[in-house]
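**Q** Got a predicted model here, sequence first, then my questions.
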Amino acid sequence: MQNRDPHQTTTAQSKKHSRFRAQNRNFREPDADQFSGNSTANLPKSSKFSAPDSSANRNTALESKFSNLSLVSRGFTNLDETSLLDKTVQREYFDWILTRTARFKESQKEIKAKPSGGDLDSILASLRKLREGILASKEVNDFSIRVYETSVDICLEAGNFAELLKSLTVLVGTMYTRVNKTVSPKDDRQAEITTLLLLYLICYVPSCKKSKSNSQSSALPPASIFESKEVFKLYKKLTPLLQNDARIINAMKMQESLLNDLDFVGFRKAWNFLNAPEVLIAKNILPHIRQRTLEILAKAYFTFPLKLLAHYTISTSASASASTESDESNNDTLETLLKERFGADYNQRVINETVHFRIAMRK
C-alpha cells in the first residue's frame, strides 16, 4: 500500500474548497447601498416570531454545531459535515435562531429594557447566513418565505434598514412571484410586506438623500430625489388584488401627497391609517414634513391654532390639552420645532395656544 503525500492531500482539499466558493460566491442578496445608507433610528417592539420548545441540552448542542458556520458566499468550515445548503440543516438552524431570539426577549423583559440594534446584531448575522444558504439552494417555498419574513420583523426591531431592504426586495421581487398563490393576500403577509417596501422607497430613501438646494429654509427634498419611478414600477407589477389592498392604496396616497410639493392634509390622512411597522419606516420623512408644513402655513396664515398645528406636523403639542394628538413613536415636540424657527421671539409668537406667524409692525 502506497503512502499518500500529505502535500497532495492538502492541495486537493484546497481545490475542493476553491471550487465550492467559486460556485456559490454569486448567491448574495441585493446590495442595499443603491437605495440608502445606514440608520441609527431606535425602533420599538414589533415582532411576529415565536420559538419552538427545546431543552437546554439541545440548545447547547445546536450552539456548538452552528456557531462556526460562515456565509455561503465566502465558503464555510466543516465542508463535509455541515452545510447551509442542506434543507435539514437550514430548518434546524432557523429553529436555533428563533430559540436565541426568544431567550433574548425574555432577558430583556426581566431587566425591563428595550432591545437596541446592537443587541440584535448577532441574530441578524445568523439570519443573513441562513438567507444566503436558502438563495444558494434555489429553494422557494413556505419555509424560505417564513425565514425572510422573520428577518423583516427583526430588522425593523433592530432598526437595521440596510438588511431590511435585502429581505423586502427578495420577498417581493422573487419569492412571492415564484410561489403560486391560491389564497387571498389577506390570508398571508404578501400585501403587508409589499406595503413596507413601498414605504421604504417613498419615505426612507428620500430621507437619506441630501437635498441639492443649499437653502436651509426649504427642508423638503426636491421631487427629483423621490423614487417615483421605482415606486410606480413596483406598483405596476402587482396583481390587481394587491393593487386594491387598502394598505397599498394608502401608501400610494402618501406618495402622491409628497410629490405635490407636500399636501400636508393628505399626508396626515394617510398617516392615520399606518400600522406600527409601517410607522417605523414612514417616520423617517417626518423632519422634512414638519419643516415644509410650517413654511406653507406661515405663508398662508397670520395665526394658527397650536393644537391643529401639532396635528398636521405629527408632533407632540407643547400643550397638555393636545395630548390626544400626539404620536407615541415621535419624541419631537412642537415647542422644539417652533423654537428652532422663531428663536428668541418664541414667547412673542406662541401666545394663548395660538402660533403667530406674522406680527404687525409697530408704527
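**A** Arrived safely.
**Q** where in the stretch 101-250 of the chain is pLDDT low?
**A** Low-confidence segments of the stretch 101-250 of the chain, defined by pLDDT under 70, are located at 112-119, 180-187, 210-225.
**Q** residue ranges for the helices of it, please.
**A** Chain-ordered helices for the stretch 101-250 of the chain, with DSSP state H, counting those that start in this stretch as the definition, fall at 121-137, 142-158, 161-170, 176-178, 190-199, 205-208, 228-237, 240-243, 246-259.
**Q** With distance to residue 276 and mean neighbour count as added columns, please give the ones you listed in JSON lines.
**A** For glycine as for every other residue, the C-beta is placed from the backbone atoms N, C-alpha and C. Rendered in JSON lines, the data for the helices of the stretch 101-250 of the chain read as follows (distance: least, CB to CB, whole Å; neighbours: other CB atoms under 10 Å):
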{"stretch": "helix 121-137", "distance to residue 276": "20", "mean neighbour count": "20"}
{"stretch": "helix 142-158", "distance to residue 276": "9", "mean neighbour count": "21"}
{"stretch": "helix 161-170", "distance to residue 276": "15", "mean neighbour count": "24"}
{"stretch": "helix 176-178", "distance to residue 276": "22", "mean neighbour count": "16"}
{"stretch": "helix 190-199", "distance to residue 276": "11", "mean neighbour count": "24"}
{"stretch": "helix 205-208", "distance to residue 276": "19", "mean neighbour count": "20"}
{"stretch": "helix 228-237", "distance to residue 276": "22", "mean neighbour count": "14"}
{"stretch": "helix 240-243", "distance to residue 276": "21", "mean neighbour count": "14"}
{"stretch": "helix 246-259", "distance to residue 276": "13", "mean neighbour count": "19"}
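**Q** On the pLDDT front, check residue 287 for me.
**A** Per-residue confidence (pLDDT) for residue 287: 89.
**Q** for stretch 150-168, how far is the first residue from the last?
**A** The stretch stretch 150-168 measures 11 Å between its terminal residues, going by CA to CA, to the nearest Å.
**Q** cool, and stretch 263-279?
**A** In stretch 263-279, first residue to last residue: 18 Å (CA to CA).
**Q** does residue 309 sit in a helix, a strand or a coil?
**A** Of the three states, residue 309 takes helix according to DSSP: H, G, I helix; E, B strand; the rest coil.
**Q** how near is the nearest residue to it once chain neighbours are set aside to residue 299?
**A** Once its chain neighbours are removed from consideration, residue 309 has its nearest residue in residue 355; the separation is 5.7 Å (CB to CB, 6 or more residues apart in numbering). Taking CB to CB, to the nearest Å as the criterion, residue 355 is separated from residue 299 by 14 Å.
**Q** what's the answer for residue 144, then?
**A** For residue 144 relative to residue 299 (CB to CB), the value is 52 Å.
**Q** that older thread, will you turn the helices of the stretch 101-250 of the chain into a markdown table that also has distance to residue 100?
**A** Supplementary listing: those in a markdown table, determined by distance: least, CB to CB, whole Å:
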| stretch | distance to residue 100 |
| --- | --- |
| helix 121-137 | 6 |
| helix 142-158 | 11 |
| helix 161-170 | 17 |
| helix 176-178 | 27 |
| helix 190-199 | 23 |
| helix 205-208 | 30 |
| helix 228-237 | 33 |
| helix 240-243 | 34 |
| helix 246-259 | 31 |
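**Q** who wins for proximity to residue 280 among those helices?
**A** In this view, the helices of the stretch 101-250 of the chain are compared for proximity to residue 280 by CB to CB, and helix 142-158 is the closest at 5.4 Å.
**Q** how much does that closest one deviate in direction from helix 190-199?
**A** Compare the direction of helix 142-158 with that of helix 190-199 by axes from the mean of the first three to the mean of the last three CA atoms, to 10 degrees and you get 40 degrees.
**Q** How is this protein partitioned into domains?
**A** Listed by automatic domain parsing, the domain ranges of the chain are 15-180, 185-209+217-284, 301-363.
**Q** picking up where we left off before, residue 355 and residue 299: which has the busier surroundings?
**A** residue 355 (24 against 9; other CB atoms under 10 Å).
**Q** That one and residue 287: what is the separation?
**A** Taking CB to CB as the criterion, residue 355 is separated from residue 287 by 19 Å.
**Q** Repeat that for residue 235.
**A** The gap separating residue 235 from residue 287 is 26 Å, by CB to CB.
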